[in-house]
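# Using only what follows, build the 3D model:
(2 chains)
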Amino acid sequence: EAEVAQSPRYKITEKSQAVAFWCDPISGHATLYWYRQILGQGPELLVQFQDESVVDDSQLPKDRFSAERLKGVDSTLKIQPAELGDSAMYLCASSLVGGAEAFFGQGTRLTVV
Amino acid sequence: RKEVEQDPGPFNVPEGATVAFNCTYSNSASQSFFWYRQDCRKEPKLLMSVYSSGNEDGRFTAQLNRASQYISLLIRDSKLSDSATYLCVGTNFNKFYFGSGTKLNVKP
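Residues are numbered from 1 along each chain as shown, chains lettered A, B, ... in the order given. You can find the predicted model right below:
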């Protein structure tokens, strides 16, 4: 069964350092999402791509977060500098098209110390 | 107001019970709806899509009520393994909106 791949699974970083997460969606899925989830809350959309284009990044803190999907396949989410409040699970998901059933990777659990 | 709202629970039910969750959505233009299941510290997994006519998958039944703008999930004959958080999703203009989740605890 095709899966969304994410790495790393866990990341501990110091405040003010840079951190990057990688996601490889299911082959053929044009839409890729990055979500942040704080324990006890639902996932919050950070950025949505359609192929290589950003469809929605209205909730992305652009002063410190950036995301790219250069060839419309895999994607990287970066935080620089990391802050204590960034500690959360970062989830990547993909779907054939926007609004269709989305499938999630296992996530990256980030702890900022 | 959030796009999708859910009762956070927890719902504590005995094994074998029937339990139902509702989820309301604020945008009448929302097109598609889904239920996801999320185990503690794991990723959300698609449980089922929700169709206007209602749909059933084994012990799980999902319903959509567009007039009242809510969707529901009914779980019959609850199992211990059903204990999880259930996330409701609505879509609008190809964007996914998650609720905060409803926690279910099934007890022996």
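# in its sheet, what does the worst-scoring helix or strand of chain B on mean pLDDT sit against?
Taking mean pLDDT, DSSP states H and E as the measure, chain B has strand B:95-98 as its least confident helix or strand, at a mean of 86. Paired strands of strand B:95-98, with direction, are strand B:84-92 (antiparallel) (DSSP bridges).
# ok, the residue lying closest to residue B:10 once chain neighbours are set aside - contacts?
Nearest residue to residue B:10 in three dimensions, chain neighbours excluded: residue B:103, at 4.1 Å (Cβ to Cβ, 6 or more residues apart in numbering or on different chains). Where you see a C-beta, it was placed from the backbone N, CA and C, and this is true even at glycine. Residue B:103 is in contact with B:8, B:9, B:10, B:11, B:84, B:85, B:86, counting by Cβ atoms under 8 Å, 6 or more residues apart in numbering or on different chains.
# ok, now how distant is the fifth one from residue B:21?
The one in question is residue B:84. Distance of residue B:84 to residue B:21, computed by Cβ to Cβ, to the nearest Å: 11 Å.
# who touches both of these two?
residue B:104.
# bridging residues for the residue nearest to the spatial centre of chain A?
Taking Cα atoms, centre = their mean, the centroid of chain A lies closest to residue A:34, which sits 3.1 Å from it. On the basis of DSSP bridges, residue A:34 is bridged to residue A:47, residue A:92.
# I figured it was touching residue A:88, is that so?
No - judged on Cβ atoms under 8 Å, residue A:34 makes no contact with residue A:88 at a distance of 11.6 Å.
# Show me which residues of chain A are close to chain B?
Residues of chain A lying near chain B by Cβ under 8 Å from any Cβ of the partner chain: A:31, A:33, A:35, A:40-45, A:48, A:50, A:55-56, A:89, A:91, A:93, A:97-107, A:109.
# Spell out which residues sit in contact with residue B:8, please.
Taking Cβ under 8 Å, 6+ apart, we find residue B:8 in contact with B:100, B:101, B:102, B:103.
# still on that earlier bit, what residues of the helix or strand the residue nearest to residue B:10 falls within count as buried?
If you go by DSSP states H and E, residue B:103 is part of strand B:102-107. Applying a neighbour-count criterion of 16 or more other Cβ atoms under 10 Å in any protein chain shown, the buried positions in strand B:102-107 are B:102, B:103, B:104, B:106.
# Closest residue of chain A to chain B?
Residue of chain A nearest chain B, by Cβ to the nearest Cβ: residue A:98 (2.9 Å).
# That residue touches residue A:49, doesn't it?
No - look at residue A:98 against residue A:49 with Cβ under 8 Å: they stay out of range, at 9.4 Å.
# Just give the nearest non-adjacent residue to the closest residue to chain A within chain B, would you?
Per Cβ to the nearest Cβ, residue B:94 is where chain B lies closest to chain A, at 2.9 Å. The shortest distance from residue B:94 to any non-neighbouring residue, by Cβ to Cβ, 6+ apart, is to residue A:98 (2.9 Å).
# Many thanks, have a good one.
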